[in-house]
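J.: Next come a sequence and a model predicted from it.
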Amino acid sequence: LFPIWVHYSINICFFITFLFIPLIFLNCVLYLTNNDSRITLKNKLLKAIPFSLGVILILSTPFSKLIFYFDGNTYKHGSLFFCLFLIAILYVIDFFIQTIKNRKTISHIQLFSIMIYSLVPVIAQIIQIFIPRLMIMGFCISLAALLIYISFENSSEYLDLETGVFNRKAFITLTRYNLD
């Protein structure tokens with residue numbers, strides 16, 4: 001129905017987005033734990049290497065057929081297809097490490113929600129490895145990121161329940177924001 005270059009273009013966009021979501025997820029946690037400003041340029045570049053290699057593999061796919069290819073009108077996985085899952089898993093592992101390392105900067109409820117909501121994409125990734133036709137990974141990561149964001153942006157944490165005015169945590173957060 002569509003020319004082969006359309007199929008390649010759509011799949012390339014999908015797989016780049018697939019790799020980009022766990023990287024955004026990691027950066028979101030680093031930002032929400034106020035740890036993003038402490039990461040050196042060298043560490044930022046190191047964190048970008050797996051993503052960059054994945055993007056190079058994906059973009060070279062129409063010529064190399066390493067990630068996916070089309071045999072006639074049939075979509076097939078290439079020999080390095082599972083590298084995309086390995087790259088995503090690396091970011092998820094780093095996400096857990098950063099969360100545990102910075103657990104003192106977030107509340108217990110936020111830590112619990114991060115750990116619970118993060119299990120959903122991990123389980124989805126395991127399912128998708130064994131059932132590759134089931135495309136649930138991107139949806140589960142997006143859902144988990146949204147739920148974590150909502151748990152971090154809970155405005156009631158910044159209010160004194162008795163008086164209804166901003167509490168000490170709000171003062172510290174606003175002061176830190178204005179001084180930086």
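T.: Noted; the coordinates are in hand.
J.: helices or strands next to the helix or strand hosting residue 9 in the packing?
T.: Assigned by DSSP states H and E, residue 9 belongs to helix 4-32. For helix 4-32, the contact count by 3 or more Cβ pairs under 8 Å, 6 or more residues apart in numbering; DSSP states H and E identifies helix 41-59, helix 61-64, strand 68-71, helix 82-101, helix 108-130, helix 137-152 as packing neighbours. In short, each C-beta sits where N, CA and C put it, glycine included.
J.: how about these in a markdown table, adding mean neighbour count, distance to residue 7 and mean pLDDT?
T.: Formatted as a markdown table, these follow (neighbours: other Cβ atoms under 10 Å; distance: least, Cβ to Cβ, whole Å; pLDDT from 0 to 100):
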| stretch | mean neighbour count | distance to residue 7 | mean pLDDT |
| --- | --- | --- | --- |
| helix 41-59 | 14 | 14 | 91 |
| helix 61-64 | 15 | 10 | 94 |
| strand 68-71 | 16 | 6 | 92 |
| helix 82-101 | 17 | 17 | 85 |
| helix 108-130 | 16 | 20 | 79 |
| helix 137-152 | 17 | 18 | 75 |
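J.: Off-centre distance for the helix holding residue 9?
T.: In terms of Cα atoms, centre = their mean, to the nearest Å, the centre of helix 4-32 is found 9 Å from the chain centre.
J.: Brilliant, that's me finished.
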